[in-house]
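Undergrad: The sequence isn't on hand, but the structure is:
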């Protein structure tokens, strides 16, 4: 049986999965990114991890036919080059050929948000969808677009910066230097910013007030946990994020009329605390037939979405389907 | 030589063009929509106008191979049915078969904003572009999307409602019932609304103040003319519209990374009075490489864009290319 290995090269962790041709995950693993700025140390850790996964696969009668690698950053898919990955500190790294020479496997390189969108359409919330938009809510906000069953990468490979849609022209400053971007409202960083402000304003009860002396330790998960326990302010903070998610979804629905919008990433663990207010906003704003025909769903794939997707893309490119 | 006739069925006027296979306009005409609510009176006026254009074409050695009809409204392209055209007052009109029976010509029906986007990519500002977004600024705002050389109609044929992107969540009420839609800022109606308000507030000088007793007669063209003559308030009103156009373009560029955004329709006659501020906004907000790689241009096709585009689509479907 044929399988592929997918690698998601994140800012902090490297994740690996072995998936079969149906997208089922047969094996997985992860290790921390050893060093920022250089590709060689990553390659030194990654190559043996892939070899080990490949051996385990072969022990289970799987033949690894391809390797996919998803990278958070600008990638030249055709040439297999990581053009600019800020979080990794990589520029112009020909990672595809480095891996191919080392591993003697056909390798496909792809932007991680595109890989995630593909995963959602392949085996995720949008299984079988021909058009889909995926949003990954982490420290930042990633986006990927599927039209007519194919990834839309943009005229110069830069599409999917959905986190930098403008949702409030005179709004919060964004890391990108802009103002009022979606990312400045629905990312984990945005939620933490709002919670810190509320804590400093003395507006919160337990458990968030316990972070008063330890603001640096506060994470979006803490806010989400507090909201799950019923903390009204934490709930309000997430509802605000959800509202802006809904504003963005309304625009995306009106522009594209996609079958589905899939929301994943760490912040998506807040689930309906964010998605509920988003759906209310869409219902109030979007044209009836459009709002009704577009599902807004949580990703079922969790943190493996990118790795699964890029394995699928590698299978599609290198392994003839049965 | 082969040609096609394109018809743009608007709320007020019906426009006809004869175009050859290169998209050159060989003949054109127009007449007012005779009646709202029923298709028969339109057909009674349209059929002889088409026959006459066809005869003139044949007199010039052109053979009319197909007819395209663009309609402002929801259309089922496959079945050739106008599902819902609010401005015409049509619902479920099988206009394609009505025309085919009457004229013995193969007919293609399409939404007018889609036809316009196709025209821009075919022979307009985006000639040869593989990805393009067109915005038509009239009483409302129409939109069309071209990806990879093809129209993107959406999962249920409803894509392109770019006028209902949300650009100011708590902003101006929109005709659609929503709030802060792009249309509520950059349409002719929005510009007239702002100008009327300024006149009532007594904030304007000549020539706008002359409309004080005749607010109903004020059009977006009057505002645009006043701005062209240097009226500071009229310029500010158009600059505000341009600013929101720029906010929307920033989002569209970040999401899709298209080669080009083409702006047409009546309001586009204000030209750089709107496009200038829009470009400033994009330059300030959008990622450098994205802002640089996307041209924002005025449509050169004017009011014939829709008719030309739908003639082109009809040629593409029914007439084998040389």
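TA: Now that the structure is in, tell me what you want to look at. Note that the structure is predicted; figures quoted are calculated from it, not measured.
Undergrad: quick one: residue A:191 is in a helix?
TA: Yes. Under DSSP: H, G, I helix; E, B strand; the rest coil, residue A:191 sits within a helix.
Undergrad: contacting residues for it?
TA: By C-beta atoms under 8 Å, 6 or more residues apart in numbering or on different chains, the contact set of residue A:191 is A:220, A:223-224, A:237-238, A:241, A:267. Placement of C-beta: from N, CA and C, glycine included.
Undergrad: quick one: the closest residue to it other than its chain neighbours and residue B:173, what's the gap?
TA: Once flanking residues are discounted, residue A:191 sits nearest to residue A:220: 4.6 Å by C-beta to C-beta, 6 or more residues apart in numbering or on different chains. Distance of residue A:220 to residue B:173, given as C-beta to C-beta, to the nearest Å: 34 Å.
Undergrad: Of those two, give the one with the bigger neighbour count.
TA: With neighbours defined as other C-beta atoms under 10 Å in any protein chain shown, residue A:220 and residue B:173 compare such that residue A:220 has more, 25 against 11.
Undergrad: who's in contact with the more buried one?
TA: Here residue A:220 is in contact with A:188-189, A:191-192, A:266-267, A:270 (C-beta under 8 Å, 6+ apart).
Undergrad: Same question for residue A:118.
TA: Taking C-beta under 8 Å, 6+ apart as the test, what residue A:118 contacts is A:110, A:144, A:146, A:151, A:309-310, A:312-313.
Undergrad: Helix, strand or coil: sort out it for me.
TA: Taken by three-state DSSP, the conformation at residue A:118 corresponds to helix.
Undergrad: separation between whichever residue of the stretch 201-322 of chain A sits closest to chain B and residue B:167?
TA: Residue of the stretch 201-322 of chain A nearest chain B, by C-beta to the nearest C-beta: residue A:257 (2.7 Å). Residue A:257 sits 19 Å away from residue B:167, going by C-beta to C-beta.
Undergrad: the helices in the stretch 201-322 of chain A, which residues?
TA: Ranges of helices in the stretch 201-322 of chain A, per DSSP state H, counting those that start in this stretch, are A:220-228, A:232-256, A:272-285, A:288-293, A:305-318.
Undergrad: Next up, phi/psi of the residue of the stretch 201-322 of chain A closest to chain B, please.
TA: Residue A:257 adopts backbone torsions of phi 50, psi 60, taken as degrees, to the nearest 10.
Undergrad: Grab the nearest non-local neighbour of it.
TA: residue B:154 (2.7 Å).
Undergrad: need the contact list for the one you found.
TA: A:131, A:256-258, B:160.
Undergrad: quick check, nearest of those residues to residue B:251?
TA: Among these, residue A:256 lies closest to residue B:251 (C-beta to C-beta), at 12.3 Å.
Undergrad: wait, isn't the closest one in contact with residue B:152?
TA: Yes. Between residue A:256 and residue B:152 there is a contact under C-beta atoms under 8 Å: 7.1 Å.
Undergrad: Overlap of the contact sets of these two?
TA: A:147, B:145, B:159.
Undergrad: what helix or strand is the residue minimising distance to the centre of chain A on?
TA: Centroid check for chain A by C-alpha atoms, centre = their mean gives residue A:136 as the closest residue, at 3.7 Å. Element membership of residue A:136 [criterion: DSSP states H and E] is strand A:132-137.
Undergrad: So what angle separates the directions of that strand and helix B:232-256?
TA: 90 degrees (axes from the mean of the first three to the mean of the last three C-alpha atoms, to 10 degrees).
Undergrad: tell me what strand A:132-137 is packed against?
TA: Under the contact definition 3 or more C-beta pairs under 8 Å, 6 or more residues apart in numbering or on different chains; DSSP states H and E, strand A:132-137 sits against helix A:112-123, strand A:141-147, helix A:232-256, strand A:260-264.
Undergrad: mind checking how far the residue of the stretch 201-322 of chain A closest to chain B is from residue A:121?
TA: Residue A:257 sits 16 Å away from residue A:121, going by C-beta to C-beta.
Undergrad: Which of these two has more residues huddled nearby?
TA: More crowded of residue A:257 and residue A:121, by other C-beta under 10 Å: residue A:121, with 27 against 24.
Undergrad: coming back round to it: let me know the secondary structure of the residue nearest to residue A:257.
TA: Applying three-state DSSP: residue B:154 is coil.
Undergrad: Domain-wise, how is chain A divided?
TA: Domain ranges of chain A: A:2-119+A:303-318, A:128-300, per automatic domain parsing.
Undergrad: so can I have JSON lines of these showing mean pLDDT?
TA: Formatted as JSON lines, the domains of chain A follow (pLDDT from 0 to 100):
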{"stretch": "domain A:2-119+A:303-318", "mean pLDDT": "95"}
{"stretch": "domain A:128-300", "mean pLDDT": "94"}
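Undergrad: Export those domains to a markdown table and append columns for distance to residue B:215.
TA: Below are the domains of chain A laid out as a markdown table (distance: least, C-beta to C-beta, whole Å):
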| stretch | distance to residue B:215 |
| --- | --- |
| domain A:2-119+A:303-318 | 49 |
| domain A:128-300 | 28 |
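Undergrad: which parts of the stretch 201-322 of chain A sit against chain B?
TA: Residues of the stretch 201-322 of chain A lying near chain B by C-beta under 8 Å from any C-beta of the partner chain: A:243-244, A:247-248, A:250-252, A:254-259, A:284-287, A:289-290, A:293-294.
Undergrad: how about 10 Å then?
TA: A:243-244, A:246-260, A:281, A:284-290, A:292-294 (C-beta under 10 Å from any C-beta of the partner chain).
Undergrad: ok, of those residues, which come out buried?
TA: A:243-244, A:246-260, A:281, A:285-287, A:290, A:293-294 (16 or more other C-beta atoms under 10 Å in any protein chain shown).
Undergrad: hmm, back to that, greatest separation within the contacts of residue A:118: which pair is it?
TA: A:146 and A:310 (14.4 Å).
Undergrad: Pick out whichever of the two has more residues nearby.
TA: residue A:310 (34 against 25).
Undergrad: For the more buried one, give me its contacts.
TA: A:4-9, A:17, A:19, A:66-71, A:108-112, A:114-116, A:118-119 (C-beta atoms under 10 Å, 6 or more residues apart in numbering or on different chains).
Undergrad: For the most far-flung residue of chain A relative to its centre, grab phi and psi.
TA: For chain A, the largest distance from the centre (C-alpha atoms, centre = their mean) belongs to residue A:202, which lies 33.4 Å off. For residue A:202, the backbone dihedrals (degrees, to the nearest 10) come out as phi 70, psi 30.
Undergrad: Likewise for residue A:180?
TA: Here is the backbone geometry of residue A:180 (degrees, to the nearest 10): phi 70, psi 20.
Undergrad: Isn't it up against residue A:248?
TA: No. Using C-beta atoms under 10 Å, residue A:180 is not in contact with residue A:248; the gap is 11.4 Å.
Undergrad: Number of residues surrounding the residue of the stretch 1-150 of chain A found nearest chain B?
TA: Using C-beta to the nearest C-beta, the closest approach of the stretch 1-150 of chain A to chain B is made by residue A:131 at 5.0 Å. Residues lying near residue A:131 (other C-beta under 10 Å) number 24.
Undergrad: That one and residue A:148 touch, don't they?
TA: Yes. Here residue A:131 lies in contact with residue A:148, judged by C-beta under 10 Å, at a distance of 6.8 Å.
Undergrad: what touches both of those two?
TA: Common neighbours of residue A:131 and residue A:148, using C-beta under 10 Å, 6+ apart, are B:152, B:155.
Undergrad: Okay, strands next: where are they in the stretch 1-150 of chain A?
TA: A:2-9, A:13-20, A:25-32, A:63-71, A:74-76, A:81-85, A:90-93, A:107-111, A:132-137, A:141-147, A:150-151 (DSSP state E, counting those that start in this stretch).
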